[in-house]
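Asks: with the input below, show me the fold.
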Amino acid sequence: MAKIAVVGWEGNGSFRLVPSLPPVGKIVCLGLSYRDHCAEQGASPPEKPLLFAKFPSALQVSKRPIIKPRETVKLDYEAELAVVIGKEARKVSLAAAPGCIFGYMNFNDVSARDIQFAERQWTRGKSFDTFAPCGPFVATRDEIAEPNHLAIRCWVNGEIRQSSNTANLLFTLPQIVSYVSQTMTLHPGDLIATGTPAGVGVFHHPPHFLEAGDTVEIEIEGLGRLVNTVEDEK
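Replies: Alright, predicted model coming up:
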């Protein structure tokens, strides 16, 4: 198989890339899933994957803007590896989990930190429209031989902010897929955003939050580069 870019009608006589194939039903996310990210905030690594959700209405594609809502002054980036589900998965075993994966792509878990930390649930602070950029393509599972050993980086305005490796994940991708499937049925097109390594803006000293005009670039080995510029909500 191959790296797959899906085209969708833009409405003005042109085409654009769309996030994944088939349409995304749900986005399951992991928090505190990298050893270095736990260390940078002084948090104990969780014994099991810590799950939360983003809504599909937050999806955005490469080269399209991240819209900074009026409700936040602490907009942040999170470079992540996303797993694209390829077949229905319900209570799958660890051994069967890899066969449920269609492929992988870059993902940015954009977060309004002031909202996220003010509320017990993270969902609202992470689900504003455009808060889930992904792409620019999906690499099928056979294209990525070692998904748990991929360099992962993020730049803001050309400055490196995150530089790690998926080997620092606390849980392997099969462990994650199997664990999630014990709670909910995963369907083709569903995404699992597997968490972010150290270097997010909120834990810099001083913090580095995103402003209108900033460009965020995320690159995971073998998955191209996801590029989005921040714009203020009009």
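
Asks: what residues does the closest residue to His187 other than its chain neighbours make contact with?
Replies: Spatially, and ignoring its direct neighbours in sequence, His187 is nearest to Gly25 (5.2 Å; CB to CB, 6 or more residues apart in numbering). Any C-beta I mention is one placed from the backbone N, CA and C, and that applies to glycine too. By CB atoms under 8 Å, 6 or more residues apart in numbering, the contact set of Gly25 is Pro56, His187, Gly189, Asp190.

Asks: if you rank these by neighbours, which is first?
Replies: In terms of neighbours by other CB atoms under 10 Å, those top out with Asp190 at 26 neighbours.

Asks: pretty sure that residue contacts Val24?
Replies: Yes - here Asp190 reaches Val24: they are 6.5 Å apart, a contact under CB atoms under 8 Å.

Asks: could you list the low-confidence segments of the chain?
Replies: Along the chain, segments meeting pLDDT under 70 span 1-22.

Asks: for the helix or strand Gly135 falls within, output the C-alpha coordinates as PDB.
Replies: Assigned by DSSP states H and E, Gly135 belongs to strand 132-140. The C-alpha coordinates for strand 132-140 follow below in PDB (Å, rounded to 0.1, in the frame of the first residue of the first chain):
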ATOM      1  CA  ALA A 132      -7.300  19.100  15.600                       C
ATOM      2  CA  PRO A 133      -5.100  19.600  12.600                       C
ATOM      3  CA  CYS A 134      -3.800  16.400  11.000                       C
ATOM      4  CA  GLY A 135      -2.100  15.200   7.900                       C
ATOM      5  CA  PRO A 136      -0.900  16.000   5.300                       C
ATOM      6  CA  PHE A 137      -1.500  12.300   4.500                       C
ATOM      7  CA  VAL A 138      -2.100   8.900   6.000                       C
ATOM      8  CA  ALA A 139       0.700   6.400   5.700                       C
ATOM      9  CA  THR A 140      -0.700   2.900   5.600                       C
END
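
Asks: quick one: strands adjacent to it?
Replies: Strand pairing for strand 132-140, determined by DSSP bridges: strand 3-4 (antiparallel), strand 59-61 (parallel), strand 101-108 (antiparallel).

Asks: from the chain's centroid, how far away is the last one?
Replies: Using CA atoms, centre = their mean, to the nearest Å, the mean C-alpha position of strand 101-108 is found 8 Å from that of the whole chain.

Asks: buried residues, it. List them.
Replies: Ile101, Phe102, Gly103, Tyr104, Met105, Asn106, Phe107, Asn108 (16 or more other CB atoms under 10 Å).

Asks: again, but for stretch 59-67
Replies: Quick answer for stretch 59-67 (16+ other CB under 10 Å): Leu59, Gln60, Val61, Ser62, Arg64, Ile66, Ile67.

Asks: closest to the centroid, which residue in this protein?
Replies: With distances taken as CA atoms, centre = their mean, Phe107 lies nearest the centre of the chain, 3.2 Å away.
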